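> Generate coordinates for the sequence data below:
(2 chains)
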2 protein chains.
Amino acid sequence: MATTGKQLFTTLEADGTLTVAVEEVSFPDPTGTQVLVKMEAAPINPTDLAILVGGADLENASFSEGKFVASVPEPYNTGSKARHGMKLPAGTEGAGTVVAAGNGDAAQALAGQRVACVPGNAFSQYCIADASACLPLGDHSAEEGASAFVNPMTALGFVENAKIDGQDAILHTVGASNLGQMLTRICKEDGIGLVNIVRRDSQAELLGGLGATHVVNSSKDDFMSRLVSAIDDTGAFYGFDPIGGGKSVDTAFRAMEQVAVSRMTDYSRYGSNQPKRMFIYGRLDTGQTILSPSYGFGWTLSGWLLFPFLQSAGGETVGRMRKRVLDNLTTTFASHYKQSVNLEEMLTREAVTDYREMKTGEKYLVTPWS
Amino acid sequence: MATTGKQLFTTLEADGTLTVAVEEVSFPDPTGTQVLVKMEAAPINPTDLAILVGGADLENASFSEGKFVASVPEPYNTGSKARHGMKLPAGTEGAGTVVAAGNGDAAQALAGQRVACVPGNAFSQYCIADASACLPLGDHSAEEGASAFVNPMTALGFVENAKIDGQDAILHTVGASNLGQMLTRICKEDGIGLVNIVRRDSQAELLGGLGATHVVNSSKDDFMSRLVSAIDDTGAFYGFDPIGGGKSVDTAFRAMEQVAVSRMTDYSRYGSNQPKRMFIYGRLDTGQTILSPSYGFGWTLSGWLLFPFLQSAGGETVGRMRKRVLDNLTTTFASHYKQSVNLEEMLTREAVTDYREMKTGEKYLVTPWS
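Below you'll find the predicted structure:
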């Protein structure tokens, strides 16, 4: 007897028409190591927004109950041509209760438990997930466990990656984000230096309250000199950037190079030999990345994604990271939400327009049964 | 008794005044492992041009015998502020005869021999060099040995670096350059796949004559589809770019991603997991590097310089590379020159204006005693 329930789908046609709608679908019975999770809470992460709204023209979109239809202008539409005509689920992660389990031991062990999971269709009343990827939440609420994966594992992943690369300090270009706050707490716990860039005094105060020692406000006139000084203090020639477009990475490289050059005794036309490393892990700005020719050749810029990193880090490291998240779910890794919406409410003009702005500290939580 | 001779110096003042002039100087006697080389030939490499002419306004420059004075406009002048007020030598490499040697065995062993060397002041009648960095040229002429280091070791370095990274194919964005021709011959000898990008049919023919199998002309309408097809054929997700500014790297990444996506069975909003790697090893275009957000997160871009690479590769590898260069100096690693000039002739308006254009196949050779 198949389980039925509501699920969100997003479809982009070749002509640029984007349809995002809630549909009633049936979910298969779990087999083997699979479990069927009745989803209770799922965060809308920046990573989910690309296929939910992308570059859609919301002003001229039409909204109805549990559905909106919008036009995706160029160059976004052509940039998404690989998904043209596909009906895609959405929602990276969430938490809920296991209501059915396959015959495998790992699945059976989770029967009836509340778990966090990463199904890829978390904006749904039910999800199929593999037991090995579920994190049992014990007595934690679904809201507490909904964001147990993406942000905590990413922030921990930065620190793990830095340690693997022999670094003891990190630069983060959006310090006050939910993830940035977690990173601040982790770095403090682990004794890792951290340079946080923020845009407002209130964000600097927030991070100061979490124990951050080097917070630099990019809206101030003395931003560059303070950034240089913070990098000099911490030795943070290694950083992470969720903005992607524009000069965010370039600014970090320029400041790192200024520190490196100030430590050189001889002039070199090639710049310093100090390795400078930045990772782009998000696309808050979907514009072009601009790199100026002003920091020599001793730099490396990469894209960074959580899943490939976890794969390369290996099972033992990932297990240790997951345990740390669970042990500190309501402290180091606590997430906060501006608002809860059900599947229909998340598709209103007001909600979509609000959460696509990705304002710092204004995350939405989807509660499919509310 | 000190040796005296002519040497070129370049000085940039804080106000942007660039003075490049030949002066009569005295050279110290070599000590220990040093040798004094009477320089007979030195190439003007692109890497030398930055401190020789940089962004100087040649049109309004004043030229006199063995000297020119030009103004360096912004942003180049500020970008070079680390050298303001410094009187710098120039000339990365060259060849000549050892006319004096220190007491060390390595130095004494080179006495009277013709060697290639990398002194950093090769635009000079004499240079002090360390014996360990000299390559004895045997019966080769100074012209044959003048470019025995930078281009050969760089081209070999690309192949070594690719092998270290487990790659069996390379993309090169300026295929027909002197270095690109060497790379073409090396890849053919070593069975490494190579995708060459050129701008003209004549360059494609030239490389075809060297045995190149995948040459793509960027001035043709079907450039992108041919580039994609060449990458698909060779598996070249790994490339080197001497241009730096503009979209040269971006184009390579986009083409690599098109190949990777065409091999995927499922759509991913994050792009392919195929690692894509590019290195910028020069700045033929000193403008900004533009990266578009159209190849996911599975990419890495780095600066690449020969000396740090050789340092990381280790002595054994470098020794093997040097032997290969010497054994094939007039074949695989042959360089050709458009013109020979002495130190005064290289500072005429006509010469400076010509070699700063860095036209493919139009390299200058400085012969300080001619």
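> Can you tell me which residues in chain A are near chain B?
Counting by Cβ under 8 Å from any Cβ of the partner chain, chain A comes close to chain B at A:50-51, A:79, A:82-83, A:86, A:88, A:244-245, A:261, A:267, A:269-270, A:273, A:280-281, A:283, A:286-294, A:296-305, A:308. In short, each C-beta sits where N, CA and C put it, glycine included.
> Which of these fall in strands?
A:88, A:244-245, A:280, A:286-291, A:299-303 (DSSP state E).
> Do a quick rundown of the helices in chain A.
Listed in chain order, the helices of chain A (DSSP state H) span residues A:46-52, A:76-79, A:105-108, A:142-145, A:150-164, A:178-190, A:201-209, A:223-234, A:248-262, A:306-313, A:315-327, A:349-355.
> Now mean pLDDT and mean neighbour count too, for those, in a markdown table please.
Conversion of these to a markdown table gives the following (pLDDT from 0 to 100; neighbours: other Cβ atoms under 10 Å in any protein chain shown):
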| stretch | mean pLDDT | mean neighbour count |
| --- | --- | --- |
| helix A:46-52 | 90 | 21 |
| helix A:76-79 | 84 | 16 |
| helix A:105-108 | 96 | 16 |
| helix A:142-145 | 97 | 22 |
| helix A:150-164 | 96 | 22 |
| helix A:178-190 | 96 | 23 |
| helix A:201-209 | 96 | 16 |
| helix A:223-234 | 98 | 18 |
| helix A:248-262 | 96 | 22 |
| helix A:306-313 | 92 | 16 |
| helix A:315-327 | 94 | 15 |
| helix A:349-355 | 95 | 17 |
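> so which of the ones you listed gets nearest B:Ala212?
Minimum separation from B:Ala212 across these (Cβ to Cβ) falls at helix A:76-79, 32.3 Å.
> Could you export the closest one as CSV, CA atoms only?
Presented in CSV, the C-alpha positions along helix A:76-79 are these (Å, rounded to 0.1, in the frame of the first residue of the first chain):
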residue,chain,number,x,y,z
TYR,A,76,20.2,32.3,-16.4
ASN,A,77,17.9,30.3,-18.7
THR,A,78,20.6,29.2,-21.1
GLY,A,79,22.9,28.7,-18.1
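> and for it, what are the contacting residues?
If you take Cβ atoms under 8 Å, 6 or more residues apart in numbering or on different chains as the criterion, helix A:76-79 is touched by A:Leu12, A:Gly16, A:Gly54, A:Gly55, A:Ala56, A:Thr286, B:Pro293, B:Ser294.
> of the ones in strands among the residues of chain A next to chain B, buried ones?
The neighbour-count criterion (16 or more other Cβ atoms under 10 Å in any protein chain shown) marks A:88, A:244-245, A:280, A:286, A:288-289, A:291, A:299-303 among these as buried.
> between those, which is nearest chain B?
A:Gly303 (3.0 Å; Cβ to the nearest Cβ).
> Please tell me I have it right and that closest one contacts B:Gly298.
Yes - counting by Cβ atoms under 8 Å, B:Gly298 is a contact partner of A:Gly303 at 6.0 Å.
> okay, A:Thr265: pLDDT?
Predicted confidence (pLDDT) for A:Thr265: 84.
> What about it, how many residues nearby?
Number of residues near A:Thr265 (other Cβ atoms under 10 Å in any protein chain shown) recorded here: 4.
> Repeat that for A:Ser124.
Neighbour count for A:Ser124, taken as other Cβ under 10 Å: 30.
> and the closest residue to it other than its chain neighbours, bridged to which residues?
Using Cβ to Cβ, 6 or more residues apart in numbering or on different chains and skipping the chain neighbours, the partner closest in space to A:Ser124 is A:Gln7 (3.8 Å). Beta-bridge partners for A:Gln7, by DSSP bridges, are A:Glu23, A:Ser124.
> Counting neighbours, what do you get for A:Ala109?
A:Ala109: 14 surrounding residues under other Cβ under 10 Å.
> Setting aside sequence neighbours, what's the nearest residue to it?
A:Ala131 (7.3 Å).
> Could you report the pLDDT at that neighbour?
For A:Ala131, pLDDT reads 93.
> Same check on A:Met1?
The per-residue confidence score, pLDDT, reads 63 for A:Met1.
> Okay, domains of chain A per the record?
A:3-147+A:335-366, A:150-309 (automatic domain parsing).
> Show me the one of those domains that comes nearest B:Leu179.
domain A:150-309 (15.7 Å).
> A:Leu52: what's it in contact with?
Contacts of A:Leu52 were listed using Cβ under 8 Å, 6+ apart, and they are A:Thr10, A:Val20, A:Ile44, A:Ala90, A:Val352, A:Arg356.
> Check A:Ala42 too.
Here A:Ala42 is in contact with A:Gly91, A:Glu93, A:Gly94, A:Ala95, A:Ala122, A:Phe123, A:Ala146, A:Leu365, A:Val366, A:Pro368 (Cβ under 8 Å, 6+ apart).
> One more: A:Thr154?
Going by Cβ under 8 Å, 6+ apart, A:Thr154 touches A:Leu179, A:Tyr281, A:Leu306.
> Please report the distance of it from A:Leu310.
10 Å (Cβ to Cβ, to the nearest Å).
> cool, and A:Pro73?
Where A:Leu310 is concerned, A:Pro73 sits at a distance of 35 Å (Cβ to Cβ).
> Could you do A:Gly296 as well?
Per Cβ to Cβ, A:Gly296 is found 33 Å from A:Leu310.
> again, but for A:Asn45
As defined by Cβ to Cβ, A:Asn45 lies at a distance of 16 Å from A:Leu310.
> Likewise for A:Gln108?
On the measure of Cβ to Cβ, A:Gln108 and A:Leu310 end up 25 Å apart.
> Can you check the pLDDT for the nearest residue to A:Gln108 once chain neighbours are set aside?
Nearest residue to A:Gln108, sequence neighbours excluded (Cβ to Cβ, 6+ apart): A:Ala101, at 5.3 Å. The pLDDT attached to A:Ala101 in the predicted structure is 97.
> for A:Ala101, which residues make a bridge with it?
A:Val35.
> just checking, it touches A:Pro30?
Yes - using Cβ under 8 Å, A:Ala101 makes contact with A:Pro30 at a distance of 5.9 Å.
> Now do the shared contacts for these two.
With Cβ under 8 Å, 6+ apart as the test, A:Ala101 and A:Pro30 both reach A:Leu36, A:Ala107.
> just the strands in the stretch 1-150 of chain A please.
For the stretch 1-150 of chain A, the strands defined by DSSP state E, counting those that start in this stretch cover A:3-12, A:17-27, A:34-43, A:57-64, A:67-71, A:87-89, A:94-101, A:114-117, A:126-130, A:135-136.
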